[in-house]
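Novice: Attaching a predicted model along with its sequence, questions to come.
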There are 2 protein chains.
Amino acid sequence: METENSRAVNADLPIGVFDSGVGGLTVVKEIINQMPNERIVYFGDTARVPYGSKSRDTVVRYSRQIVRFLLEQNVKAIAVACNTASAYAIPEIEAECPVPVIGVIRPGAKTAVEGTRNGRIGVIGTRATITSGSYKEYIREIMPGAEVFGQACPLFVPLVEEGLWEDPVTDEIARRYMASLIDRDIDTLIMGCTHYPLIRKTIGRAAGDKVLLVNPAYETARELRKLLESRSLISGHRYELGSTVPQYRFYVSDMADQFQKFANSIIKYGILAAEKIDIYNYSARPLSEGD
Amino acid sequence: METENSRAVNADLPIGVFDSGVGGLTVVKEIINQMPNERIVYFGDTARVPYGSKSRDTVVRYSRQIVRFLLEQNVKAIAVACNTASAYAIPEIEAECPVPVIGVIRPGAKTAVEGTRNGRIGVIGTRATITSGSYKEYIREIMPGAEVFGQACPLFVPLVEEGLWEDPVTDEIARRYMASLIDRDIDTLIMGCTHYPLIRKTIGRAAGDKVLLVNPAYETARELRKLLESRSLISGHRYELGSTVPQYRFYVSDMADQFQKFANSIIKYGILAAEKIDIYNYSARPLSEGD
């Protein structure tokens, strides 16, 4: 059934992806790996990063502005590649948005449930993601008896952004964050922030060999693929380097040069340019209220 | 001479103070110590914190919105209690604002010049503050032969906000940041970020006994006092606890509860409430262009 919000979408349109900053590029990387024929429009909210220490209301407002921008780019679907935005804004965005929306939390929860043997699952993330209780909620929907233990790890993002991916300081901080989760005898740990897979080895050392690490980025790209397939929205186009239609476009709200440098360290595909746009020009009101 | 921007200001009006978040409270604390009869209106931009990793353009836009809010509160002067905003936005704000404006950098530079014996001064701060070169510029204005060495310390703010004020991890990070400055034989070190005085002991240990630590917050309050005295704007009012006109008012753009908790750990004066306001309602255009 068509709603009044429906738009004419087709398989050739790009996928929209957004994050508070650079972390969502780990999701982009998975989408590129799993769906090499897709075009992507990425937005990183570098003028207001990080989201993880902000309130639900603020994160919802920011997310609505970004979704408006992505819809203006005529995307066929939107991946919310930020755990905090997924935790806080998915209900509003899903209900209001005329194209399908996928977050990282539901796919991450599903993988954790498939992986656990003892039903004891740990979740690490920003303070906002942990406070929201979203992972617990989705996990319990699929596995009502699961025990879910959350641990906020606010220092991981700055440590990753400072490049201390393999460093005794990051090991020490990881050891402290993991201590309470190890005490709870978890056998599965969701890396509930898009930066964390970049220090996967450190987290793995601190959590111990017996704990399965779940990277929601991987599963999110898989779910996105299934979603696009079910709606016949998978692109069959083959892009050549130097094509006149650039396959990947990156936008930020600030610091385009620094974004580009970091992005190129994550995605081994040459990102030619990131463009700064003025996100304040987009309304933060509910999408259903128009611009 | 009166300009068309002048307003009727009098000694009973409050002082406006702003910062990207909670750090500026170290400046508020000094103002309270040195001028106990003054009223203060504080704004912390917790919806967009931190400023230290953002661009000049973005910081100027945010600062203009905040100054508009403070002028609406009818302040008699404005203290920019944030090194990044002082480095990037003071020139614009000073030129546009109808009430006197003071930043933290010029007073910090002055104290460092008074304190140094060998003319070799270190500056630590956010990436933005160090990149701006503002401390160096002001120091060289007063002491043209000074050698100034900057070191960005991006992990200090998250470590302070996580409460690791006395911790081996913070010691280790401080030791790394200080290494290059010690090599340059500095005898004076400016703590060029309002969070840093909270880990003064750690910074002192890492810098060594022979290095004089400069806290610009102290000198900023002194300069502000001189400025108000020179314009006969010092308040003679004595406030009683429970007065109907609250002496200190705190506003934030997000997370009022968390701000209040942190604020009470810095200022040992009971902060009764912090109020969230919608900073997006204030224009980011030059102040001279009206609202």
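Specialist: Now that the structure is in, tell me what you want to look at.
Novice: My reading is that A:Q151 lies in a strand. Confirm?
Specialist: Yes - A:Q151 sits within a strand when classified using DSSP: H, G, I helix; E, B strand; the rest coil.
Novice: Can you get me a residue count around it?
Specialist: A:Q151 is flanked by 19 other residues according to other Cβ atoms under 10 Å in any protein chain shown. To be clear about C-beta, it is placed using only N, CA and C from the backbone, and glycine gets the same treatment.
Novice: How about A:R238?
Specialist: Neighbours around A:R238, by other Cβ under 10 Å: 9.
Novice: Go ahead and confirm it touches A:E38.
Specialist: No - in this structure, A:R238 is not within contact of A:E38 by Cβ atoms under 8 Å, at 11.2 Å.
Novice: Which residue ranges of chain A form strands?
Specialist: Along chain A, counting by DSSP state E, strands occupy A:15-19, A:40-44, A:77-80, A:101-103, A:120-125, A:147-152, A:188-192, A:212-214, A:248-252, A:274-276.
Novice: With A:T126 as the reference, measure out to A:A179.
Specialist: 19 Å (Cβ to Cβ, to the nearest Å).
Novice: Between the two, which is the more surrounded one?
Specialist: Each of A:A179 and A:T126 has its neighbours counted (other Cβ under 10 Å); A:T126 has more, 26 against 11.
Novice: which non-adjacent residue is nearest the more buried one?
Specialist: Nearest non-adjacent residue to A:T126, counting by Cβ to Cβ, 6 or more residues apart in numbering or on different chains: A:G52, 2.5 Å away.
Novice: which residues touch that neighbour?
Specialist: By Cβ atoms under 8 Å, 6 or more residues apart in numbering or on different chains, the residues touching A:G52 are A:S20, A:N83, A:T84, A:G125, A:T126, A:R127, A:A128, A:T129, A:P154, A:V157, A:C193.
Novice: CSV for those, including pLDDT?
Specialist: Putting the contacts of A:G52 into CSV (pLDDT from 0 to 100) gives the following:
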residue, pLDDT
A:S20, 96
A:N83, 97
A:T84, 97
A:G125, 97
A:T126, 95
A:R127, 94
A:A128, 94
A:T129, 96
A:P154, 96
A:V157, 95
A:C193, 97
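Novice: and which of those residues is nearest A:F43?
Specialist: Using Cβ to Cβ, A:S20 comes nearest to A:F43 of the contacts of A:G52, at 10.0 Å.
Novice: Tell me, how many residues neighbour A:G108?
Specialist: 29.
Novice: could you check the distance from it over to chain B?
Specialist: 24 Å (Cβ to the nearest Cβ, to the nearest Å).
Novice: residues contacting the nearest residue to that residue once chain neighbours are set aside?
Specialist: Leaving aside its sequence neighbours, A:G108 sits nearest to A:P216 (Cβ to Cβ, 6+ apart; 3.0 Å). Shown in contact with A:P216 (Cβ under 8 Å, 6+ apart): A:N83, A:V104, A:I105, A:P107, A:G108, A:T111, A:I190, A:M191, A:G192.
Novice: A:D257 now?
Specialist: With contacts defined as Cβ under 8 Å, 6+ apart, the neighbours of A:D257 are A:A274.
Novice: gap between the nearest residue to A:G24 once chain neighbours are set aside and B:Y135?
Specialist: Nearest non-adjacent residue to A:G24, counting by Cβ to Cβ, 6+ apart: A:A81, 3.2 Å away. Distance, A:A81 to B:Y135, by Cβ to Cβ: 38 Å.
Novice: Those two - which one has more neighbours?
Specialist: Neighbour count, other Cβ under 10 Å: between A:A81 and B:Y135, A:A81 has more, with 31 against 28.
Novice: And for the residue in the stretch 51-200 of chain A that chain B sits nearest to, the neighbour number?
Specialist: Across the stretch 51-200 of chain A, the shortest distance to chain B (Cβ to the nearest Cβ) belongs to A:P158, at 4.3 Å. By the measure other Cβ under 10 Å, the count of residues near A:P158 is 21.
Novice: just A:Q260 next, same as before
Specialist: 17.
Novice: Show the contacting residues for the nearest residue to it once chain neighbours are set aside.
Specialist: Distances taken as Cβ to Cβ, 6+ apart place A:A274 nearest to A:Q260, at 4.6 Å, with adjacent residues excluded. Counting by Cβ under 8 Å, 6+ apart, A:A274 makes contact with A:G44, A:F250, A:Y251, A:V252, A:A256, A:D257, A:F259, A:Q260, A:A263.
Novice: I only care about the residues you listed that end up buried; give me the PyMOL line for that.
Specialist: Buried members of these, defined by 16 or more other Cβ atoms under 10 Å in any protein chain shown, are picked up in PyMOL with:
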select buried, chain A and resi 44+250+251+252+256+259+260+263
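Novice: quick check, nearest of the contacts of A:A274 to B:G150?
Specialist: Where the contacts of A:A274 are concerned, and distances follow Cβ to Cβ, B:G150 has its nearest neighbour in A:D257, at 19.4 Å.
Novice: Give me the pLDDT for the closest residue to A:Q247 other than its chain neighbours.
Specialist: Distances taken as Cβ to Cβ, 6+ apart place A:Y239 nearest to A:Q247, at 4.3 Å, with adjacent residues excluded. Per-residue pLDDT puts A:Y239 at 73.
Novice: A:Y239: how many residues sit nearby?
Specialist: Neighbourhood size, A:Y239 [other Cβ under 10 Å]: 15.
Novice: ok, now how distant is the residue nearest to A:V75 when sequence neighbours are not counted from B:G192?
Specialist: Spatially, and ignoring its direct neighbours in sequence, A:V75 is nearest to A:G16 (3.4 Å; Cβ to Cβ, 6+ apart). Distance from A:G16 to B:G192, counting by Cβ to Cβ: 39 Å.
Novice: One more: A:T58?
Specialist: Using Cβ to Cβ, which is the criterion applied here, A:T58 is 28 Å from B:G192.
Novice: Would you mind measuring the gap between the ends of stretch A:184-195?
Specialist: The first and last residues of stretch A:184-195 sit 24 Å apart, counting by Cα to Cα, to the nearest Å.
Novice: Check which residues of it are buried.
Specialist: A:I186, A:D187, A:T188, A:L189, A:I190, A:M191, A:G192, A:C193, A:T194, A:H195.
Novice: now those as TSV including distance to B:P144?
Specialist: Below are these laid out as TSV (distance: Cβ to Cβ, whole Å):
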residue	distance to B:P144
A:I186	61
A:D187	65
A:T188	63
A:L189	57
A:I190	57
A:M191	52
A:G192	53
A:C193	48
A:T194	48
A:H195	44
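Novice: okay if I get these as a markdown table plus distance to chain B?
Specialist: Below are the buried residues of stretch A:184-195 laid out as a markdown table (distance: Cβ to the nearest Cβ, whole Å):
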| residue | distance to chain B |
| --- | --- |
| A:I186 | 23 |
| A:D187 | 28 |
| A:T188 | 26 |
| A:L189 | 21 |
| A:I190 | 22 |
| A:M191 | 19 |
| A:G192 | 18 |
| A:C193 | 14 |
| A:T194 | 17 |
| A:H195 | 13 |
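Novice: ok, so of the residues you listed, who is nearest A:P246?
Specialist: A:T194 (23.1 Å).
Novice: Would you mind listing what in the stretch 1-150 of chain A touches chain B?
Specialist: By the rule Cβ under 8 Å from any Cβ of the partner chain, the part of the stretch 1-150 of chain A lying against chain B is A:T46, A:A47, A:R48, A:V49, A:S53, A:K54, A:S55, A:D57, A:T58.
Novice: if you set the cut-off to 7 Å instead, what comes out?
Specialist: A:A47, A:R48, A:K54, A:S55, A:T58 (Cβ under 7 Å from any Cβ of the partner chain).
Novice: With B:K136 as the reference, measure out to the closest residue to A:I142 other than its chain neighbours.
Specialist: Of all residues not flanking A:I142 in the chain, A:V113 sits nearest, at 4.8 Å (Cβ to Cβ, 6+ apart). Using Cβ to Cβ, A:V113 is found at 56 Å from B:K136.
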